[in-house]
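1. here you go, sequence then predicted model.
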Amino acid sequence: MQALVIVGHGSHLNADSSAPVYRHAETIRRTGAFDEVRECFWKEEPSMREAFDLVESDEVYVVPLFISEGYFTNEVVPRELGLDGGPGSTTRKWGKTIRYTPPVGTHPLMPGMILRRAEEIAGLSHEQARNAGLVIIGHGTERNANSSEVIYRVSREADAAGVFGHVRTGFLDQAPEVGQVLEGMEERQVVLVPFFVAEGWHTQETIPDDLGLNRPALSPVTEKDGRTVFYGAPVGTFPEVAEIVLQRAREAGACVPQAAHV
């Protein structure tokens, strides 16, 4: 038997934080690719320390629903789950073989997924997208370079694809600040996509309020300073992320039929 365990951050303050984990888990559960699919969290129940109490399978694949390899994926998750190492490691204990994969945010499919979604968010044709701009928003932190590295890499790859006129990177907690990046865009139509896992305080309030945009619950479109700004949902909420979770497990050795798609 083989099991999939999806690890999320969670939040005691915002129920939306765990919603993508449950949604992607249910999508994968319906494929029948795994005998068991479980969810666990850092800040919610079921906690990571309880995760393997809920799993009967002897082959377990742990996929972190996080954006980057950093403090949480390299230290918190291995510690809380009792693993022998960080992403890419294999742990054998409790009669189980546990394979821990890199986070979904670093997967090579991510740039293409963001580009497709950005076009759809704004309702743009391919030709219209080439005359528009895209800003990928990261949280950022001065304490861990890995937090921003993946945002820059994905932005570079998305820009190189040539789908949008320009693709730029903006952050909340480090330079370049997203407001300055938006002001510097030449295009009259700009799509903003938060490179976050879930809806929450930042995506629903902080970002739109700081940028003078409509809040998502009101409208995803804002006419501002002679341009049209489209504000999209966080990357982690995109349905295609479930496919990336499957890919991560497959790369780690899970017997997931190629026909098993979400």
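-> In hand now; what should we look at?
2. alpha carbons only for contacts and neighbour counts from here, please
-> OK.
3. quick one, strands of the stretch 151-262 of the chain?
-> All strands of the stretch 151-262 of the chain, identified by DSSP state E, counting those that start in this stretch, fall at 166-171, 189-194, 221-224, 227-231.
4. so which of those strands comes closest to residue 208?
-> Residue 208 lies closest to strand 227-231 among these, at 8.2 Å (CA to CA).
5. any idea how far the closest one is from the chain center?
-> Put simply, strand 227-231 sits 22 Å off its chain's centre (CA atoms, centre = their mean, to the nearest Å).
6. so which elements touch it?
-> Using 3 or more CA pairs under 8 Å, 6 or more residues apart in numbering; DSSP states H and E as the contact test, the elements touching strand 227-231 are helix 110-122, strand 189-194, strand 221-224.
7. pull out the buried positions in the longest one.
-> Yep, that's helix 110-122 we're talking about. For helix 110-122, burial by neighbour count (16 or more other CA atoms under 10 Å) applies to 110, 111, 113, 114, 115, 117, 118, 119, 121, 122.
8. and if you look at stretch 58-78?
-> Neighbour counts using 16+ other CA under 10 Å place 59-70, 72-73, 77-78 of stretch 58-78 among the buried residues.
9. now do stretch 220-230
-> 220, 221, 222, 228, 229, 230.
10. and the contacts of it?
-> 121, 122, 187, 188, 189, 190, 191, 192, 213, 214, 231, 232 (CA atoms under 8 Å, 6 or more residues apart in numbering).
11. now tabulate those in CSV and tack on pLDDT and distance to residue 168.
-> Converted to CSV, the contacts of stretch 220-230 look like this (pLDDT from 0 to 100; distance: CA to CA, whole Å):
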residue, pLDDT, distance to residue 168
121, 91, 17
122, 93, 17
187, 96, 12
188, 95, 15
189, 97, 14
190, 97, 10
191, 97, 10
192, 97, 10
213, 95, 18
214, 94, 21
231, 96, 15
232, 94, 15
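12. and the residues you listed, which is closest to residue 252?
-> residue 232 (31.2 Å).
13. skipping adjacent residues, who's closest to the closest one in space?
-> Using CA to CA, 6 or more residues apart in numbering and skipping residues adjacent in sequence, the residue nearest residue 232 is residue 193, 5.0 Å away.
14. closest one to residue 97 out of the buried residues of helix 110-122, please.
-> Out of these, the member with the shortest distance to residue 97 (by CA to CA) is residue 110, at 27.9 Å.
15. contact partners for the closest one?
-> Residue 110 makes contact with residue 154 under the criterion CA under 8 Å, 6+ apart.
16. can you give me the helices in this protein?
-> With DSSP state H as the criterion, the chain has helices at 19-31, 71, 77-81, 110-122, 126-130, 145-160, 178-184, 201, 207-211, 241-251.
17. any idea which of these is most buried?
-> Counting by mean count of other CA atoms under 10 Å, helix 241-251 has the highest mean neighbour count of those, with a mean of 22.
18. from the contact counts, what lies against that helix?
-> helix 19-31, strand 59-64.
19. from the contact counts, what lies against the longest one?
-> Read it as helix 19-31. With 3+ CA pairs under 8 Å, 6+ apart as the test, helix 19-31 has strand 2-8, strand 36-41, helix 241-251 packed against it.
20. I'd like these as JSON lines, with distance to residue 82 and mean pLDDT appended.
-> Below are the helices and strands packed on helix 19-31 laid out as JSON lines (distance: least, CA to CA, whole Å; pLDDT from 0 to 100):
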{"stretch": "strand 2-8", "distance to residue 82": "14", "mean pLDDT": "98"}
{"stretch": "strand 36-41", "distance to residue 82": "14", "mean pLDDT": "97"}
{"stretch": "helix 241-251", "distance to residue 82": "19", "mean pLDDT": "96"}
